[in-house]
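J.: sequence-free structure coming up:
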């Protein structure tokens, strides 16, 4: 299996403690999550109905401000698993470095995969992948430039897993166009990664093919209900967006105070050049704070934002040790 | 989309009422479900860890009395979506009539599909599908005969979605053998269809390929936790098995009293020859009880078992009208 953030069991086995002792900042999952609220028995006991799914899709279209066809999937990862099978395997290009799951999934399905460093270098691909904003470095691409690139490739996938906190960068409103697929995630911004809920937005034909792949019950009853509530809660989203923007700066200033340089990030996570990522990771682990480092980038450290004030204080104390 | 049981919204749109007014007997989902219990925030907020999944797999192996490799999937349906992609599409044979999802999924992936009426007629297939006990007619196959058939086909899939209530018929203990895949469902026996949880048991190589298809987070955090608890609760399973066996007879005697003939069934659902399935479905719908009828089998009606005593009384009253 690939290395991901969020594998707290690695931290536990290396450094000890119980899961509840740790602050997991190794992901970009919001640590002040949308409140789950109450569920009715039928959310657990019955199959989600077609009507339930239609309501969820409608909520997603509202939240993402689009009229494009949409399909609920069990997290953005579920979409990544299906993408390689949307067309005959040919040449795929991925704007890299980025989320580590794309290349191996495509290669396993027979695609010839090339990682490129510039948006322009995607041109000519049969399938092009852009994560926007990018994980782990937060690199952003102008929606206009992405729309133009769509015309130079067979199919452009824009993974917007981290766009919720910077919604002006989303291409969701354009997702009905042929040759463009937009992926959205509920797990990260809403802090509900365990729910396994995300969406694919695309043209009717692509969404129909993907719906055939997911089958009739792509997500759980609780995901249908809680996801719908969360997506329709505009007030929570606005308050969270402004909180995350504010607190990202707080994290940057903490990092600055210990001499780290900001490489990039989104309001959900920050990537710093620390000089020695592994050493910092181990130092933070000593205070039961888990972070993410990267193969081949010895100085990088990625940190999600702490949640409640106590977590900020613990991080501050750990950094000043 | 195919016709399934469990689509109560069809009943609502045709006959009115609110979902909570209805008793949905159109499925084989246990209406006295395993109690969900409390969840911790991290089940919703964090990605299920590899350790969590290992514990779930261990619980499944214990419950299913097997040492075979096992993979959690988002319901048996998720396994059905993946099966066509386990090998190059060639000749598939399905022991029919059975669950309506197999044939179209296989055909969509390029398989040449033949439905056969006898177990022996599966011989020679590259992929053979047997639902045991069968849905909707409850037909059962001797595990020994199935093991023999495994040697006469390239790969035998035994869908045991309804075997929990008749566990002696399970092939789970043999599932480590090459060329045999066993599907299990948590949704039906445990009455947790909204959870989207099932398992594939098979040889190491097949399970590894399927794990590559599901990706790292195949099921939700609540499914991991509640599924594990349910599978380890031997006492609940035994009590439920004996209750279902008893109550299946109660339903049969109710059916007998209105002149229906038992076609077959499992302790989770019964299939009756009623003379006119559509007319009976409409009559029951008048009392807000939803049932399942079948294209091309005009007399058939399938009923799941009512849950609490009040539901039995309502069914009895509806039938005696």
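T.: Yes, it's here. Treat the numbers as computed from the prediction; the structure is a model and nothing was measured.

J.: CA only for contacts and neighbour counts going forward, please
T.: OK.

J.: How much space separates the most centrally placed residue in chain A from residue A:99?
T.: Geometric centre of chain A, nearest residue: residue A:161, 3.2 Å, by CA atoms, centre = their mean. Counting by CA to CA, to the nearest Å, the gap from residue A:161 to residue A:99 is 10 Å.

J.: now do residue A:184
T.: 14 Å.

J.: same deal with residue A:204?
T.: For residue A:204, the distance to residue A:99 - CA to CA - is 27 Å.

J.: Repeat that for residue A:64.
T.: When residue A:64 is compared with residue A:99 (using CA to CA), they lie 22 Å apart.

J.: out of the two, which sits in the more crowded spot?
T.: Higher neighbour count among residue A:64 and residue A:99: residue A:64, with 19 against 16, using other CA atoms under 10 Å in any protein chain shown.

J.: before we move on, back to that, list residues touching both of residue A:161 and residue A:99?
T.: Counting by CA atoms under 8 Å, 6 or more residues apart in numbering or on different chains, the residues touching both residue A:161 and residue A:99 are residue A:131.

J.: where do the strands sit along the stretch 51-200 of chain A?
T.: Listed from the start of the chain, the stretch 51-200 of chain A has strands (DSSP state E, counting those that start in this stretch) covering A:70-73, A:91-95, A:112-116, A:127-131, A:155-159, A:180-185, A:198-201.

J.: Which among those strands is found nearest to chain B?
T.: When those are ranked by distance to chain B, counting by CA to the nearest CA, first place goes to strand A:70-73 at 11.1 Å.

J.: so for the closest one, what's the average pLDDT?
T.: Per-residue pLDDT values over strand A:70-73 give a mean of 98.

J.: is chain B contacted by that strand?
T.: No. With CA under 8 Å from any CA of the partner chain as the measure, strand A:70-73 is seen stopping short of chain B, the closest distance being 11.1 Å.

J.: which residues are in contact with that strand?
T.: Residues from elsewhere that reach strand A:70-73, judged by CA under 8 Å, 6+ apart: A:53, A:56-57, A:60-61, A:79, A:196-202, A:207, A:210-211, A:214, A:218-219.

J.: partners of it in the sheet?
T.: strand A:198-201 (antiparallel) (DSSP bridges).

J.: if we look at the partner strand, which residues are touching it?
T.: Against strand A:198-201 from outside (CA under 8 Å, 6+ apart): A:60, A:68-76, A:79, A:172, A:175-176, A:181-187, A:207.

J.: again, only this time at 6 Å
T.: When contacts are defined by CA atoms under 6 Å, 6 or more residues apart in numbering or on different chains, strand A:198-201 is touched by residues A:69-76, A:175, A:181-186.

J.: near chain B, which residues of chain A show up?
T.: When proximity is defined by CA under 6 Å from any CA of the partner chain, chain A lies next to chain B at A:7, A:43-47, A:49, A:191-196, A:220-221.

J.: one step back: how about the strands of the stretch 51-200 of chain A, which one is nearest residue A:281?
T.: Distance to residue A:281, taken as CA to CA, is lowest for strand A:127-131 among the strands of the stretch 51-200 of chain A, at 25.3 Å.

J.: one step back: looking at the residues of chain A next to chain B, which has the smallest pLDDT value?
T.: Taking the residues of chain A next to chain B together, the minimum pLDDT is found at residue A:7 (82).

J.: In contact with it, which residues are there?
T.: Per CA under 6 Å, 6+ apart, neighbours of residue A:7: residue B:49.

J.: again, but for residue A:222
T.: With contact taken as CA under 6 Å, 6+ apart, residue A:222 is in contact with residue A:43.

J.: rerun at 7 Å
T.: Contacts for residue A:222 were tallied using CA atoms under 7 Å, 6 or more residues apart in numbering or on different chains; they are A:43-44.

J.: which SSE is it in?
T.: helix A:221-232 (DSSP states H and E).

J.: Quick check: next helix or strand after that helix?
T.: Next along from helix A:221-232, by DSSP H and E: helix A:234-257.

J.: give me the low-pLDDT residue ranges for the stretch 1-150 of chain A?
T.: Low-confidence regions of the stretch 1-150 of chain A, defined by pLDDT under 70, span residues A:1-3.

J.: hmm, 90 instead?
T.: Per-residue confidence for the stretch 1-150 of chain A (pLDDT under 90) gives these ranges: A:1-9, A:19.

J.: which stretches of it form helices?
T.: Secondary structure of the stretch 1-150 of chain A, counting by DSSP state H, counting those that start in this stretch: helices at A:8-15, A:41-45, A:50-63, A:76-82, A:102-108, A:143-150.

J.: okay if I get those helices as a markdown table plus distance to residue B:284 and mean neighbour count?
T.: Formatted as a markdown table, the entries for the helices of the stretch 1-150 of chain A read as follows, by distance: least, CA to CA, whole Å; neighbours: other CA atoms under 10 Å in any protein chain shown:
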| stretch | distance to residue B:284 | mean neighbour count |
| --- | --- | --- |
| helix A:8-15 | 52 | 16 |
| helix A:41-45 | 21 | 21 |
| helix A:50-63 | 22 | 18 |
| helix A:76-82 | 40 | 21 |
| helix A:102-108 | 49 | 18 |
| helix A:143-150 | 54 | 16 |
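
J.: so which of the contacts of strand A:198-201 comes closest to residue B:20?
T.: Each of the contacts of strand A:198-201 was scored against residue B:20 by CA to CA, and residue A:72 proved nearest at 24.9 Å.

J.: quick one: the nearest residue to residue A:36 once chain neighbours are set aside from chain B, how far?
T.: Of all residues not flanking residue A:36 in the chain, residue A:226 sits nearest, at 6.3 Å (CA to CA, 6 or more residues apart in numbering or on different chains). Using CA to the nearest CA, to the nearest Å, residue A:226 is found at 10 Å from chain B.

J.: what about residue A:117, neighbour count?
T.: For residue A:117, which is what you asked about, the neighbour count (other CA under 10 Å) is 12.

J.: ok, it - contacts?
T.: Listed by CA under 7 Å, 6+ apart, the contact set of residue A:117 reads A:95-96.

J.: hmm, back to that, between helix B:221-232 and the helix holding residue A:222, find me the angle.
T.: 160 degrees (axes from the mean of the first three to the mean of the last three CA atoms, to 10 degrees).

J.: Any buried residues in the lengthiest strand in chain A, and which?
T.: In chain A, with assignment by DSSP state E, the single longest strand is strand A:297-304. Along strand A:297-304, these residues count as buried under the neighbour rule (16 or more other CA atoms under 10 Å in any protein chain shown): A:299-304.

J.: what pairs with it, and is each one parallel or antiparallel?
T.: Strand pairing for strand A:297-304, using DSSP bridges, gives strand A:269-273 (antiparallel), strand A:292-294 (antiparallel).

J.: among those strands, which is the most enclosed?
T.: Comparing the strands paired with strand A:297-304 by mean neighbour count (mean count of other CA atoms under 10 Å in any protein chain shown), strand A:269-273 comes out on top with a mean of 24.

J.: quick check: angle from it to helix A:234-257?
T.: Strand A:269-273 and helix A:234-257 are oriented at 10 degrees to each other (the same axes, to 10 degrees).

J.: I'd like the distance from strand A:269-273 to the chain centre, please.
T.: Between the mean C-alpha point of strand A:269-273 and the mean C-alpha point of its chain there is a distance of 15 Å (CA atoms, centre = their mean, to the nearest Å).

J.: What are the contacting residues of it?
T.: Contact with strand A:269-273 is made by A:28, A:136-137, A:260-265, A:299-305, as judged by CA under 7 Å, 6+ apart.

J.: and of these, the nearest to residue B:21?
T.: Using CA to CA as the measure, the one of these that approaches residue B:21 most closely is residue A:28, at 42.5 Å.

J.: Could you check how far the closest one is from residue B:117?
T.: With the distance defined as CA to CA, residue A:28 ends up 53 Å from residue B:117.

J.: helix or strand for residue A:311, which one?
T.: Secondary-structure element containing residue A:311, defined by DSSP H and E: helix A:309-319.
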